[in-house]
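S.K.: got a predicted structure here, sequence first:
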Amino acid sequence: MAQKSNRIIVRKPFPFIDFPNWVVWLYGSASVLLLPWIFYLADELPNRYVSHHWDLAWAGFDILMFILLVMTTIATARQSSAAVLFASALGTLLLIDAWFDTITSRHGHQQIQAILVAVLVEIPLALLSFLIAHWVMVYIHRIEPHPNAESE
């Protein structure tokens, strides 16, 4: 009969991944280049703009959120590690939706409704989605320690 080891494995909070230098350079460069672009847009974009495809933009965005809600539901029901991907993407889209619904709403009743939906539905669901992604990462890390994990 095999005897269990009492060895304790010390793990870092998240698995260590050795990303290539070009990946770090690419994302770092993109973040630096984005800063002047943000200031340019803030200065140059008009305060008011009429979009001829406003309905298509929002309907398409909501279709994508619907797909991610369904995929997150399926992944969590199946206890699948894919939940980390779907829940992370869903949480991000929910925060984006809350932001744009609030910022683009008309003053008055529409803005109050947008703020209430953001505060009571979208932001809490986004936070829960990120929490689900975190739980999955912690679980994966516990059952599949990185090969380079330090041990005593």
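M.R.: That came through, no problem.
S.K.: using PDB, write out every CA atom in stretch 53-63.
M.R.: Provided in PDB are the C-alpha atoms of stretch 53-63 (Å, rounded to 0.1, in the frame of the first residue of the first chain):
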ATOM      1  CA  HIS A  53     -25.600  52.300 -36.500                       C
ATOM      2  CA  TRP A  54     -26.200  52.900 -32.800                       C
ATOM      3  CA  ASP A  55     -28.800  50.200 -32.600                       C
ATOM      4  CA  LEU A  56     -26.600  47.700 -34.300                       C
ATOM      5  CA  ALA A  57     -23.600  48.500 -32.000                       C
ATOM      6  CA  TRP A  58     -25.700  48.000 -28.800                       C
ATOM      7  CA  ALA A  59     -27.600  45.000 -30.000                       C
ATOM      8  CA  GLY A  60     -24.300  43.300 -31.100                       C
ATOM      9  CA  PHE A  61     -22.700  44.100 -27.700                       C
ATOM     10  CA  ASP A  62     -25.700  42.700 -25.800                       C
ATOM     11  CA  ILE A  63     -25.700  39.600 -28.000                       C
END
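S.K.: give me the mean pLDDT for it.
M.R.: In this model, stretch 53-63 carries a mean pLDDT of 93.
S.K.: starting at the chain centroid, how far to that stretch?
M.R.: 20 Å (CA atoms, centre = their mean, to the nearest Å).
S.K.: what do you get for stretch 75-93?
M.R.: 10 Å.
S.K.: for that stretch, measure first residue to last.
M.R.: 18 Å (CA to CA, to the nearest Å).
S.K.: and for stretch 114-128?
M.R.: Stretch 114-128 has its terminal residues 20 Å apart, counting by CA to CA.
S.K.: pull the residues that contact it.
M.R.: 90-92, 94-95, 97-99, 101-102, 105 (CB atoms under 8 Å, 6 or more residues apart in numbering). To be clear about C-beta, it is placed using only N, CA and C from the backbone, and glycine gets the same treatment.
S.K.: for ChimeraX, what selects the buried ones among those?
M.R.: Buried subset of those, written as a ChimeraX selection, criterion 16 or more other CB atoms under 10 Å:
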select :90,91,94,95,97,98,101,102,105
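S.K.: okay, the contacts of stretch 114-128 in JSON lines with pLDDT and distance to residue 141 next?
M.R.: Shown next, in JSON lines, are these (pLDDT from 0 to 100; distance: CB to CB, whole Å):
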{"residue": "90", "pLDDT": "97", "distance to residue 141": "21"}
{"residue": "91", "pLDDT": "97", "distance to residue 141": "19"}
{"residue": "92", "pLDDT": "98", "distance to residue 141": "22"}
{"residue": "94", "pLDDT": "97", "distance to residue 141": "25"}
{"residue": "95", "pLDDT": "98", "distance to residue 141": "25"}
{"residue": "97", "pLDDT": "96", "distance to residue 141": "30"}
{"residue": "98", "pLDDT": "97", "distance to residue 141": "30"}
{"residue": "99", "pLDDT": "97", "distance to residue 141": "31"}
{"residue": "101", "pLDDT": "93", "distance to residue 141": "35"}
{"residue": "102", "pLDDT": "95", "distance to residue 141": "35"}
{"residue": "105", "pLDDT": "91", "distance to residue 141": "41"}
